[in-house]
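In: Can you look at this prediction? I've put the sequence above it.
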Amino acid sequence: MKLVDEILSGRFTDPQTLWGALFYAGIFTCVAWLVGRAIQGAVHRLLQRDTHGVLDRTAVRFLAQLARIGVYLFALVSYAHLVPALKNLGTAWLASVSVISVIVGLAAQNTLANLIAGVSLLLYRPFKLGDRMQLTGPAGLETGVVEGLNLGYTVLRTDDNRRIVVPNSIMASQTTINLSLGDPRAVCSITFNISYESDLDKARAILTELARRHPKSQEFRGCALSQLGPSGVALTLEVWCADSAVAGDLKAELLEAVKKRFAAEGIEIPYPHTHVILRDDRRRA
């Protein structure tokens with residue numbers, strides 16, 4: 001009967017009383033649990049719909065866990081502000097969290113920058129797993145396939161099977177070329193030098209024939225005279241192929257085929273000329 005009287009008198013919902021504090025504790029706990037379950041269910045449905053593996057499942061689950069922790073923290077702080085006995089404690093918690101946040105932010109600037117950049121990459125999706133990317137690395141221009149993408153780093157696998165680990169802050173700030181976005185075709189451009197004495201039209205006909213007949217060539221663009229050098233002229237052959245990876249193989253195969261064909265047809269590939277100046281430093285008597 002006393003519990004019924006407390007409920008009817010409204011003191012059960014008064015946060016200043018013990019029953020009111022317990023009542024609101026249960027309410028905040030239930031709401032936080034329901035919101036957390038809703039986030040977990042939404043993430044589960046999202047991952048089920050991702051049949052093509054576009055999303056990074058590890059990153060999505062990690063973000064969902066952060067969101068659930070944030071919900072519980074918000075519920076705890078809100079409850080502490082609602083109950084008068086805990087209000088001062090809640091204010092102290094907020095102040096402590098603010099100070100800790102500043103300290104952690106200063107101590108882990110690079111890590112937080114990678115984390116924020118990773119979230120932006122996951123949201124804006126300038127590239128995805130399996131895309132072929134071109135970027136500037138410590139050793140120069142690098143080309144590779146995106147093999148891993150998490151909240152901290154992006155992993156690229158190069159054509160020679162190396163792994164390039166790039167911080168997300170660099171991936172988000174530098175200019176990269178997505179070779180898989182839109183039309184993946186690439187132009188294979190090769191420059192061949194022939195001597196001035198060789199037949200220019202014959203050499204161009206050989207290059208055109210080999211380029212058109214090659215199985216990896218999709219479309220012949222042209223073979224223009226691109227340079228008049230000190231020891232010969234340069235012909236630049238341009239061919240469309242499937243992608244940049246095929247372009248590398250096509251270039252190597254065409255170089256070998258042209259070298260053999262030029263040798264058989266009498267087309268001379270000139271050697272570079274070296275000018276030597278002799279000086280007589282002997283003093284005259």
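Out: In hand now; what should we look at?

In: how much space between Ala203 and Ile116?
Out: Noted for Ala203: a distance of 56 Å to Ile116, by C-beta to C-beta, to the nearest Å. Quick note: C-beta positions are derived from backbone N, CA and C, even for glycine.

In: cool, Arg212 as well?
Out: Taking C-beta to C-beta as the criterion, Arg212 is separated from Ile116 by 51 Å.

In: more crowded one of those two?
Out: When Arg212 is set against Ile116 and neighbours are counted by other C-beta atoms under 10 Å, the residue ahead is Ile116, at 14 against 11.

In: The closest residue to Ala257 other than its chain neighbours is in what secondary structure piece?
Out: Nearest-residue entry for Ala257: Leu210, 5.3 Å, with adjacent residues in sequence omitted and distances by C-beta to C-beta, 6 or more residues apart in numbering. Taking DSSP states H and E as the definition, one finds Leu210 inside helix 200-213.

In: Touching, Gly229 and Asn193? I think so.
Out: Yes. Applying C-beta atoms under 8 Å as the test, Gly229 and Asn193 come out as touching, 6.7 Å apart.

In: Which one's more surrounded, the two?
Out: Counted by other C-beta under 10 Å, Gly229 and Asn193 do not tie: Asn193 has more neighbours, with 18 against 13.

In: does the more buried one really touch Thr236, like I thought?
Out: No. The pair Asn193 and Thr236 fails to qualify as a contact (C-beta under 8 Å) at a distance of 10.4 Å.

In: domain assignment for this structure?
Out: Structural domains annotated on the chain: 2-107, 124-178, 186-265, as defined by automatic domain parsing.

In: Low-confidence ranges, the chain, go.
Out: Counting by pLDDT under 70, the chain shows low-confidence ranges at 1-16, 18-19, 52-59, 62, 84-109, 272-285.

In: Which secondary structure elements does the longest helix seen in it sit against?
Out: The helix spanning the most residues in the chain, taking DSSP state H as the definition, is helix 18-49. When contacts are defined as 3 or more C-beta pairs under 8 Å, 6 or more residues apart in numbering; DSSP states H and E, helix 18-49 packs onto helix 57-82.
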